Structure formats: C-alpha cells, structure tokens
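*Asks:* Sequence first, then the predicted structure:
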Amino acid sequence: MDYVPNTDEQLQQMLETVGVGSFEDLLVNIPTEIRHPSFELPGGLSEAEVLSLCESVASPNRSLREVTAFLGFGAYHHLIPTVVDALSSRGEWLTPYTPYQAEASQGTLQMIYEFQTLICELMQMDLANASLYDGASSLAEAAVLALRTSGRARLLVSEAVHPHYRQVVATYLSGFPCVIQEIPHTSGVTDLEALAASLKDDVAAVLMQQPNVFGCLEPMEQTSALAHRVGSLFVANVYPISLGLLQAPGAYGADIAVAEGRCLGSPLAYGGPGLGLFATTNELLRKMPGRLVGCTLDESGRRGFTLTLQTREQHIRREKATSNICTNEGWLALRAAIFLSLLGSQGLKELALLNIQKAHDLFERLRQVPFVQSMFDQPFFNEFVLRFADGRSVEEVNRKLLKAGIVGGLSLRPWYPQLADGSLWCVTEAISAQQMDRLLEALGRV
Amino acid sequence: MEAGAINATTEALDITDGTERLIFERSVPGRRTYRLPPCDVPERPLGVLLPEERLRTDALRLPEVSEPDVVRHFTRLSQLNFSVDTHCYPLGSCTMKYNPKLNDRIASWSRFAVVHPMQPASSVQGLLRLFWELEQLLCQITGMAAFTLQPAAGAQGELTGLKIIRAYHRLKRQTRSIILIPDSAHGTNPASAAISGFRVATLASGSDGLIDLAQLKAKLSHDVAALMLTNPNTLGLFEKDILTMTRLCHEHGVLVYLDGANMNALLGIAKPADFGIDLLQLNLHKTFSTPHGGGGPGAGPVGVTNALVEFLPAPRLRKVRTRFEWHDDVKHSIGRVHGFYGNVGVLVRAYVYIRTLGREGLERAGRAAIINANYLKACLAKTFPVPFDRYCMHEFVASLKSLKACGVTAWDVAKRLLDYGFYAPTVYFPLLVEEAFMIEPTETESKETLDALADALIHIAQEARTNPELVKHAPQRLEVNRLDEVKAAREPDLRWTPAKQLVGT
C-alpha cells in the first residue's frame, strides 16, 4: 500500500508533458553504476496486515496499565486529560510545520505565544522559547549559552543533576574549550561547601536540579546567591508539575530555567519525544536558542502573531547562530498549553499536592517495613531513595516484585556505585492507594 | 458584571474579525471544570511535609477556564492553520507529504505510548524489536552499516554526526578543524559545525548549481575533517560528480557527511553508501511521513559505515539470542544526545510507514515525487524559469526576479498564494538564486492539485503585472492580512501579561 494518488497512466502523461520518454531520463545526473541497487526490504502490506503485524510487535510490551511501576528518574507517569488527546490529534495541529507563513499559521503561532506565556508564569521568568528537544538538550543549550556569553571556560554541574542530562551536556560541549567540573553530593543534596570552594570568577555557570535526581530538594536560593557572587549564571533544571507548589526558578534568581515538559500532558512513550522547556531573563533575550513568537499587528491594525528575532537562528545566521536547532517539539508544546489551561492555577496546585501526599504516604508506609530504610533525610517532592537492610539487594527485591506485576524503585548502582544499595522510588497521582497496598503485600512476601 | 460585559463585546469581535482571544483573556477567577482524582491516602498538613521556604509564594497566574472554553479555543485556533490535512503544502526542503492516520493510531497504543523508559528490558521486548528492525530497514534503504535512533531531529542528527567526525579524527591523532560546506546548504549545517567546535569553509557552487570539483580539490587539505553535503542538493539537483568527490575526499582522509533531508528523492533509486557517504542523518518526519506537528517532534537517526560504528551514541541495542537489551559497551562512543533513547513516538510511526509501503511502495513514492516535481516545473517553465535548469529530483528552485520590474517580490507571491488556498513554498533559499521560490510538491499530491497550483501561480504572475498592489498587500482572504514583522522584531512582545491592554481591535 502506498499513498501516491496519481495513477500509472497519469504519471506517464506527466512524463510526456516534461518531455521525456521514460522516468529513467530524469535521472541523468545519477551515475548508472549506483542507480537501482537491490533493496532487501519486505513487501508492502494492507492496513489490516499492518495492524496485525504491529499488534504482534507490541504484544510483549507491558504498559503501565498492565504493570505498576514506581519509576521516575526524569520520566513521570501523569494522568492525561481526554481533551488533550482529542484536540491535539486534529490534523490542523498535527500536520503543519514551523509557521514560516504567519498569516496561514495563526493557530500555531498564537498557541506558541500562549505556551511561552504559560511557561513564563510557571517558571516566574521573563521569557520562554517555543521549545527545544527535551530536558537534557535544554540543559546542554543553557551550558552553551553560558559559555558563549560569558567568555568563561568552566562549568560547575552538581552530581545530583540527572546523569543522562550530564552526559548530554558533556556530548554537546565535547568540541568546546571548556572544563566541566562535577560537584559532589552529600546526604542526598549538593555539597555546598565543595561548590563554594570551586566557585571562582572563571565559572560560566552553575547547573543544578530541583528536585534533584534523588528527589531531594536543594537549597536553590543559597546556591544561586553563591553563583551570582562570582558573576556566574545560575541554571536550574526543574520538574514542571512540582512548580504547582514549589518555589519557582525566578524566585531564587535563576538566569536560565530548563525542564523536561513531557509531564505536562504528553505520554511517556518510553522517554520520547520529550519537550525541552527553556526560559530566561530579558538580559539574555538575544542569546536565546530556539524559536520565538511575538505579537504584532496586521495591515488593518488587527492583532496577529509571527516568528520573530530570527536573526539569532541558523537559517539566517548560519554558523553564527545561537543554536543549530530547527525542528523543535511544537506538538508537545501544544499539549502542554492545553494541559495547563485545563488545570489552571488551582488544578496545578492540587496536582502537586496530590503527588506530595501520595509519595509521602508511601514513604511512611515503606519505612515501616522491617528491612526498608530511608537513604536520605531530606524534604522531597514525589521521589525518594530507599535502602534495604538484611543484605537484600535492590535487584533481588525487584526481581521478586516483577513477578507480582510491580516494577520497584530504580537501582542507583549504574550511576552512583557508592549508593549501590539505593533505589529511587516515585509516586504520582497515577498510582492508586490499592496499588500501594499491593506493593506492601508483595514486599511482605519478599 | 462589568468583566462579563467586556467579554461579551470581545466575543462579538471574535465573530466579526475571525481572530481568537487569548486563553488568558477568557479567564474568569474561580472558573474550572477539570477534576483530579480525590486523594486516597491520609492527608498530612503541607507544613509538616515541606519546609516553608521551599514553597511558592507568588500567585500562579494560569488561565482559569472551563473544559468547553478550552475545547472551543483550541479548535478555533486550529482552524486558523493551513496544514497538510487541509491544504497542499509545497514547502521546499521539508517534504510535507501526507501523514498516514494509521501510523498515528498505532503509535498511540498504550503498549507503545504508556511505557516507562526505565522499565526492565524484559517488559519492553516489543519496542526493542521494533527499534532493531527499524535500524535494519534504514540500513537497507541507505546501505549504511548501523544507525543510532537517538537524535531528536535532523539538526541534532547533524550534531551527532559532527561529534562522530571529531571523535574519529581524534582517535587517529589528527587535529582537523574545518568542515567544507557548499553555499547552497541548509543553515543547520554550518550552525551544527560551529556548535561542534569546527570552523566552516564555504564551497561556492559552480555555474551549474553543483559543487565545483576544481574548488573542492583546491580546498581539500589535512586540516579538513569532513565535507558536509546535501544530495540531491537544495536546488533539487543530484551531484553528478559525486563518485569523484567522495573518492577525492577519502584520498585526503576527509569524511563525507550527507545531510539526508532530501532522501525522499533517493527512495528506491540510490543508496548513499554506494556513492561514498560515510555518515548521514535521515529526517523521519520528512522522508518517512511522520507528522511535523507544527514544528516537531521529528527524529534524525544517524547512519554510519562500519568504520564509524564504535563512535555511535550509547546506549546501543544488542541482540542476545532472541532477546534484546541495551548496553553501554561502545568503545569510542561520543556519548548521549538524548535524555533516553530518542523520539520513540516518531520512530514507531516511521516503522509503520516503511512496513506499509514495503520495497515497491517506497520505490513508487520516490519515483512519483520526482515526476511530480518535474511536471510542476514544466508547467511553470514559461512563467517562472529555473536558473539551474535541468531535470530535477524531488524539488526545484524557481526565480521570481522577472516580477521585480513590477515591484513584486517572491515574498509577495508567497503571500498571494495563500489567498489561493496553497501554503507557500520556501522563499529566499537557497541564497544563490535571486528571488528564490523552492517548491517540493511530494508524491502525495495529485496531478489535479499540481495543475491548480500551477494555474494559481501563473495567475498571480499576471496579477503582479496588472494589479501589483493586490499582490503586495496579500493575503486578503485570510483571518489576518499582512503582518508587521518589523514591528514584531523592533518591539518584542513575547508573552502576555495581565496588565497588557488589548493590542489592535
């Protein structure tokens, strides 16, 4: 099955209009020795055959509707209101591209303007862009911005920043003449003494995460002040849902706030696509990566929206652009805009509170299990680290839980060998009290 | 009551001028309909759970609206868009082909969409098999030895490729700092090279619009890390000397990177590996039909030859007997470029597309794309000549400079074309064509639609001569007419604030 509307007869007629006898005549520039190689590809299928094939491909997967997973680690299972899917699946949203022709793209443009505003409100920042790829690349773009703007050559990154994010930052900066220095953590939070000792006036930026990778809340206000004392930028990677109740990056003086925005109305989808959020201050407007939508007027004085300040971007500035990004995550930005509009201020606060209540309830119940202990004594949002006593390993406990259809907390061993007995547990509003009961029953049998 | 009266007035304006108020302007304090599930655990006072200094003190100012408000608002906004589902969208270099609904349906299945990235491999074998097979399919289509599916879009694929080029030369203890890029290249190419720490040397196109072999020879040196090219190039022309160019590069130890944005032209016709490409990115949202989403998500998998496999981003997928698993055991990996494994929702759609079309469907798609472009070019030949005129591949670039005498630009014609119900081609790119008009019809447009598009453009050319003001003030038939982009840039208004007065009527 293909989606070519023209019949073979029409294609032949069209070739005649072009003035060639056969399709091959159009390929004159292609050396004959590389034309029409053999392709070992399967034959085409009908819709029914594709559905049946894909059902069989999908069948070994276990979705979060079939297993209960207490997993977070930068990817959070939140409820998605029906309206988000219903609206975002409209072809008028799904099938246009970057709104280069503003007059024929007012829907997308106004939506992005609203999205930018929503993200600014959420983060308490001056400006937000139209999105980047994911949280990790947003953090990397923040690092690039800091290095290029400051002319300084050192970055301080807390070890309590998501390890994948730190890896992406390192990949992005591999060609840059700079040093990335990791600041150790102690008792579940960034070691502020170590940070202070490393902070000199050659530091372009300090990169922190709130809540950090262990779910613990960092002293962002103090850290931000330390960074600013030596004229370095303060970059905060945050969890958007938590901002329903937690202090926003603007309140503690972040110069750049980034986040993974997938939790705002988009499915986990095994970790992608994500939604890179990027917000900053007015001072950094012209250094910002990514697209921006501005409000303007049309010839009749009506309000309208257009892409703007494009002289920062690759299609105009080429090698001098602030970033190489072109395609971003517009469709997920739409979903976030719908999600935040549906919830409103009160709804987002309630959502954050629900996560806090449920996570703390499970935390308290788990701590009463004889072999379960808390790893850190820090305030947290919806994620926390446990350790098992009596020589039980995380892997062993998880293997047993999986037999009961439960995916237990994530072992920290691959990223934090010194915390090899630690596991990271997450509870969102998508986990019910019954699911928690089942976890406790299953742990009782471990 | 007063607020209600103001809203009612604005509502009336919505109907008269076709624009839609901002969601914030629909906000009514306390209005809300969506409800979260009740808290089913014992509630504790917030003050006991979290220290006060970590809490937000400002009033969060999200809109307060009902579900019907949200539905009406975002439905109305959607209707202000042109899209592939509603209009022919011949945006050059973007391959705006039809996006099959079947692909969206399958990607939304919970066993693909509601899966956590840290679930044990044993519970995601279906997805891992799909990735494995997709890699094999892309290898077959391009002739490359291996692919990473991590890059989230074409430009991130370029960045990945350039990091691989850097790592490859470093391992050989060579410091090569230059990337050669033709002047017709997409802007992402030089931007990606710069962000990867390279210097860009530009290759001026020859008089035939292709890379000038003599110039390439002159610029090849031991300081050149790679040639980054697009083939067919952005003029829609296949580089006829490609075999010589790649041979020359390899003789100088220079890698050849292909920007695979134009791969739609080569489907079933040629494999990049056969013409000497060392690495490339594919834009799944272009060639493999995944929806562009108003600006993304895309996916930009990177394919490499055997010599570069050990540099690919980690983690990689491995097959152990019949099971699939991730591993980080990649000797010279450049590292991660994505928070997890890539844009899975896009990868699933592309897999479904390739399996649906199969070998003969992909060949037919490539052939039809090339015939459509050449046909449209022929229909427009008398009105809008193509400077580098020869048979094109999937797209062509016309010059509208003949209209300059009437004071009409390519930009004006693009705007007027919107009035005729067509999205506009890419304009002013590539830079080497004056008043460039870059048209890519794709294979999924019918002859009748192409005839109508050609008629519209020929008609606009007549209008430009008889009534240039009409064209210069286009569009006239949309909800807004020509927008003031200079004002937008000079007085940046990038967010709404409650204090802001309504701009305009």
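*Replies:* Received the coordinates, thanks. Numbering: from 1, shown residues only, chains lettered A, B, ... in the order given.
*Asks:* Next one: the residue nearest the centre of chain A from residue A:121, what distance?
*Replies:* By CA atoms, centre = their mean, chain A has its centre lying nearest to residue A:260, at 2.7 Å. Applying CB to CB, to the nearest Å, the value for residue A:260 to residue A:121 is 18 Å. Bear in mind the C-beta positions are built from the backbone N, C-alpha and C, glycine included.
*Asks:* give the contact list for the residue nearest to the centre of chain A.
*Replies:* Neighbouring residues of residue A:260 by CB atoms under 8 Å, 6 or more residues apart in numbering or on different chains: A:74-75, A:134-136, A:138, A:239-240, A:274-277, B:339.
*Asks:* just the buried members of those?
*Replies:* Buried by 16 or more other CB atoms under 10 Å in any protein chain shown: A:74-75, A:134-136, A:138, A:239-240, A:274-277, B:339, out of the contacts of residue A:260.
*Asks:* Is chain A within reach of the longest helix seen in chain B?
*Replies:* Assignment by DSSP state H gives helix B:344-380 as the longest helix of chain B. Yes: looking at helix B:344-380 against chain A by CB under 8 Å from any CB of the partner chain, the contacts come from B:344-346, B:352, B:354-365, B:367-368, B:370-372, B:374-375, B:377-379.
*Asks:* Quick one: end-to-end length of stretch B:245-264, please.
*Replies:* End-to-end distance for stretch B:245-264, by CA to CA, to the nearest Å: 22 Å.
*Asks:* just to revisit the earlier point, local confidence estimate at the residue nearest to the centre of chain A?
*Replies:* As predicted, residue A:260 sits at a pLDDT of 98.
*Asks:* For the lowest-mean-pLDDT helix or strand in chain A, give me every contacting residue.
*Replies:* Ranking every helix and strand in chain A by mean pLDDT, DSSP states H and E puts helix A:314-317 at the bottom, with a mean of 87. Outside of helix A:314-317, the residues within contact range by CB under 8 Å, 6+ apart are A:310-311, A:321, A:323-326, B:155, B:186-188, B:190-191, B:429.
*Asks:* Go again with 6 Å.
*Replies:* Identification of contacts with helix A:314-317 by CB atoms under 6 Å, 6 or more residues apart in numbering or on different chains yields A:310, A:321, A:324, B:187-188, B:191.
*Asks:* Can I get it as PDB, trimmed to CA atoms?
*Replies:* Extracted in PDB, the C-alpha atoms of helix A:314-317 (Å, rounded to 0.1, in the frame of the first residue of the first chain):
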ATOM      1  CA  GLN A 314      20.500  29.100  11.900                       C
ATOM      2  CA  HIS A 315      18.500  29.700   8.700                       C
ATOM      3  CA  ILE A 316      19.600  33.400   8.900                       C
ATOM      4  CA  ARG A 317      22.800  33.500  10.900                       C
END
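*Asks:* And residue A:247, its phi and psi?
*Replies:* phi -50, psi 140 (degrees, to the nearest 10).
*Asks:* The strand or helix carrying residue B:470 near chain A at all?
*Replies:* Residue B:470 is part of helix B:468-472, with elements assigned from DSSP states H and E. No: Helix B:468-472 lies out of reach of chain A by CB under 6 Å from any CB of the partner chain, never closer than 10.4 Å.
*Asks:* ok now that helix, how far from the chain's centre?
*Replies:* 31 Å (CA atoms, centre = their mean, to the nearest Å).
*Asks:* what's it packed up against?
*Replies:* For helix B:468-472, the packing partners by 3 or more CB pairs under 6 Å, 6 or more residues apart in numbering or on different chains; DSSP states H and E come out as helix B:410-419, helix B:447-466.
*Asks:* contact partners of the shortest one?
*Replies:* Contacts of helix B:410-419 with the rest of the structure, by CB under 6 Å, 6+ apart, involve A:103-104, B:400, B:424, B:427, B:435, B:437, B:460, B:471-472, B:474-477.
*Asks:* hey, which strand is longest across chain A?
*Replies:* strand A:203-210 (DSSP state E).
*Asks:* ok, that one: who's next to it in the sheet?
*Replies:* If you go by DSSP bridges, strand A:203-210 pairs up with strand A:154-158 (parallel), strand A:233-238 (parallel).
*Asks:* Return the most buried member of these.
*Replies:* Burial of the strands paired with strand A:203-210 is given as mean neighbour count (mean count of other CB atoms under 10 Å in any protein chain shown); strand A:233-238 ranks first at a mean of 27.
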